[in-house]
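>>> no FASTA, just this:
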């Protein structure tokens, strides 16, 4: 890809924008190449980039292929009819991250690691009390993780179900890789600010030597189990959400995402975690445009054999 291609639109733009910068970096261009093509010193570009990240206009995001890890990752969705604590109905063993949505009813999305002994020992995740207070609407292992390609200048989202280009299936991961990948998933869903990156570094280095962390990331995870990209999210308009979608085909799921994006209901998609592919049951980690979401006149055409629910995530536990 050269800078003159219509994908970048660089030949028409004098001052580089956060959107254009993110597109170019995600296509593989270095800061040096971008600065040379625009005709500005690399130091000037670096100052712009630092300002964009500091102000939250750009965010680093590490996509983790949950379906490729050593231990399976399970997702459980619990809906409550009372505002009691999640700790009162589940055991704390192996929770990876928990998302909370209060609308329309208190709902928890629980990602957790499944140990092999849990399966063979028939380990129970739920306590026996308060069974009348909640119901489990879904509890299953992530079958496949799909990572979108976003173009911010042209406002496009591309989804390719067969894109396993960065996966080395012959590589066998170990406990360090699993821990590091889980930590990246926990802290980068949703993506975090520059200040948040410091917190991650402290947690990782407290559990493993800095040299060990770097070795496992660069030799075992990067472009194998983890894919890094730069994303653009207007946090003044967008709110983190999870879409739970049931439909009869992958093509229809893609049509739903495209339609919601074109109607500006969705402002971005971080990743799609499939619970099932036939029929499709998927969790879409995405960003909802608040102004569009609350307006009844913002709608779309009917999709047959399809239903979806949008959960605005208000807290991550």
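Looks like it came in fine. Small disclaimer: the values here were computed from a predicted structure and weren't measured.
>>> which element is residue 137 on?
Residue 137 is located in strand 134-141, with elements delineated by DSSP states H and E.
>>> What count of nearby residues applies to residue 184?
21 (other C-beta atoms under 10 Å). Yep, even glycine has a C-beta here, placed from its N, CA and C like the rest.
>>> for residue 56, same thing?
Neighbourhood size, residue 56 [other C-beta under 10 Å]: 15.
>>> Next, the contact list for residue 97, please.
By C-beta atoms under 8 Å, 6 or more residues apart in numbering, the residues touching residue 97 are 110-111, 185-186, 189, 316-317.
>>> Is the nearest residue to residue 103 once chain neighbours are set aside bridged to anything, and to what?
Among residues not flanking residue 103 along the chain, residue 312 sits closest, at 6.0 Å (C-beta to C-beta, 6 or more residues apart in numbering). Bridge pairing for residue 312 (DSSP bridges) gives the partners residue 241.
>>> on that earlier part again, what's the helix or strand that the strand holding residue 137 is followed by packed up against?
Next along the chain after strand 134-141, taking DSSP H and E as the criterion, comes strand 144-146. Counting contacts by 3 or more C-beta pairs under 8 Å, 6 or more residues apart in numbering; DSSP states H and E, strand 144-146 is packed against strand 266-277.
>>> what angle separates the helix or strand following the strand it packs on from strand 266-277?
Using DSSP H and E, the helix or strand that follows strand 266-277 in sequence is strand 280-289. Put simply, strand 280-289 runs at 170 degrees to strand 266-277, going by axes from the mean of the first three to the mean of the last three C-alpha atoms, to 10 degrees.
>>> Going forward, the N-terminal residue is numbered 537.
I'll keep to 537 as the first residue from here, and by that count the last item is strand 816-825.
>>> Note down every partner strand of strand 816-825 and its orientation.
strand 774-783 (antiparallel), strand 802-813 (antiparallel).
>>> what angle do it and strand 670-677 make?
110 degrees.
>>> Just after strand 816-825, pick out the following helix or strand.
Moving toward the C-terminus from strand 816-825, the next helix or strand (DSSP H and E) is helix 826-829.
>>> Mind listing what's buried along that next one?
Neighbour-count burial for helix 826-829 flags 828-829 (criterion: 16 or more other C-beta atoms under 10 Å).
>>> just to revisit the earlier point, mark which of the contacts of residue 633 are part of helices, please.
721-722 (DSSP state H).
>>> Lowest pLDDT pick from the contacts of residue 633?
On pLDDT alone, residue 853 ranks lowest of these, at 83.
>>> Please work out how many residues are found near that residue.
Applying other C-beta under 10 Å, I find that residue 853 has 12 neighbouring residues.
>>> Relative to residue 646, how far out is it?
Residue 853 is 9 Å from residue 646, where distance means C-beta to C-beta, to the nearest Å.
>>> Also residue 725?
Remark: distance between residue 725 and residue 646 (C-beta to C-beta) = 13 Å.
>>> Which of those two has more residues huddled nearby?
residue 725 (24 against 21).
>>> Might one say that the more buried one is in contact with residue 821?
Yes. Counting by C-beta atoms under 8 Å, residue 725 touches residue 821, with 5.8 Å between them.
>>> what residues are shared contacts of those two?
Contacts common to residue 725 and residue 821, judged by C-beta under 8 Å, 6+ apart, are 806-807.
>>> Number of residues surrounding the closest residue to residue 802 other than its chain neighbours?
Nearest non-adjacent residue to residue 802, counting by C-beta to C-beta, 6+ apart: residue 796, 4.3 Å away. Other residues near residue 796 come to 25 when the count uses other C-beta under 10 Å.
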